[in-house]
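Enquirer: let me see the structure of the following:
(chains A and B)
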Amino acid sequence: EAGVTQFPSHSVIEKGQTVTLRCDPISGHDNLYWYRRVMGKEIKFLLHFVKESKQDESGMPNNRFLAERTGGTYSTLKVQPAELEDSGVYFCASSQALAGRRYFGPGTRLTVT
Amino acid sequence: AQSVTQLDSHVSVSEGTPVLLRCNYSSSYSPSLFWYVQHPNKGLQLLLKYTSAATLVKGINGFEAEFKKSETSFHLTKPSAHMSDAAEYFCVVSEDAGGTSYGKLTFGQGTILTVHP
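Expert: Residues are numbered from 1 along each chain as shown, chains lettered A, B, ... in the order given. I've put the predicted structure just below:
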């Protein structure tokens, strides 16, 4: 069984540019989560999809971040325009059930210069 | 509200000696508690999970953790460290209110474990 995959593994962009991160969950997992870790801080929840619907987006920092999960399969997280403080590692996780085990991807390291 | 505090940002041990990674939590409801490990360039991997069954939880790779409600602690231990245990470890809490599990996990700050030969 393939695990959660994320693309790209690393992205370096300039302040003001746009970046789109992608997450492919494990096939059949309805629940998809985004987390991020900025430098020196703890990993923080961003949002939670159940299929294509946003169940909880309380962790999204501001309206420069847009997450989508069209068709309830893969998800994208767009940052537009990127700011320096957006640098960090963005993790995606998926689970079959809400209370089920979460499987994490390796993360995308975003560097904004 | 829930929170997690990992008491040590770095722990260094010699191979073959015991490992203790400390975690304290705060939760308004009956929590589920987890330890995750992240090796370099890898995803977060679940080590073990506590969900109100036995207070001593055994995980993978010889790790175990004990839930102590009176101390609000969930420390991770291993009797004998191996070089491959070098990684970053995260204590995590998920609240379970009224029988409904929430999707949001709250992470501690992480503890980097270094194992010396």
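Enquirer: alongside chain A, which residues does chain B contribute?
Expert: Residues of chain B lying near chain A by C-beta under 8 Å from any C-beta of the partner chain: B:36, B:41-46, B:49, B:90, B:96, B:101-110. Where C-beta positions appear, they are placed from N, C-alpha and C, glycine not excepted.
Enquirer: can you rerun that using 7 Å?
Expert: Contact residues, chain B versus chain A (C-beta under 7 Å from any C-beta of the partner chain): B:41-44, B:46, B:90, B:101, B:103-105, B:107-110.
Enquirer: which of those residues scores worst on pLDDT?
Expert: Note: of the residues of chain B next to chain A, the lowest pLDDT belongs to B:S101, at 47.
Enquirer: re earlier: drop anything exposed from the residues of chain B next to chain A.
Expert: The neighbour-count test (16 or more other C-beta atoms under 10 Å in any protein chain shown) marks B:G43, B:L44, B:L46, B:F90, B:G103, B:K104, B:L105, B:F107, B:G108, B:Q109, B:G110 as buried among the residues of chain B next to chain A.
Enquirer: circling back to that earlier point, out of the residues of chain B next to chain A, who's nearest B:M83?
Expert: B:K42 (15.9 Å; C-beta to C-beta).
Enquirer: not including adjacent chain positions, what is the nearest residue to the closest one?
Expert: A:P106 (5.9 Å; C-beta to C-beta, 6 or more residues apart in numbering or on different chains).
Enquirer: tell me the secondary structure at the one you found.
Expert: Look at A:P106: counting by DSSP: H, G, I helix; E, B strand; the rest coil, its state is coil.
Enquirer: re the thing from before, what about the buried ones among the residues of chain B next to chain A, which are in strands?
Expert: When these are checked against strands (DSSP state E), the matches are B:L46, B:F90, B:F107.
Enquirer: show me what the last one is bridged to.
Expert: Assessed by DSSP bridges, B:F107 has beta-bridge partners B:V92.
Enquirer: quick check: the two most widely separated of the residues of chain B next to chain A?
Expert: B:N41 and B:S101 (30.2 Å).
Enquirer: what about the most centrally placed residue in chain A, distance to A:M60?
Expert: Nearest residue to the geometric centre of chain A (C-alpha atoms, centre = their mean): A:W34, 3.6 Å. Taking C-beta to C-beta, to the nearest Å as the criterion, A:W34 is separated from A:M60 by 9 Å.
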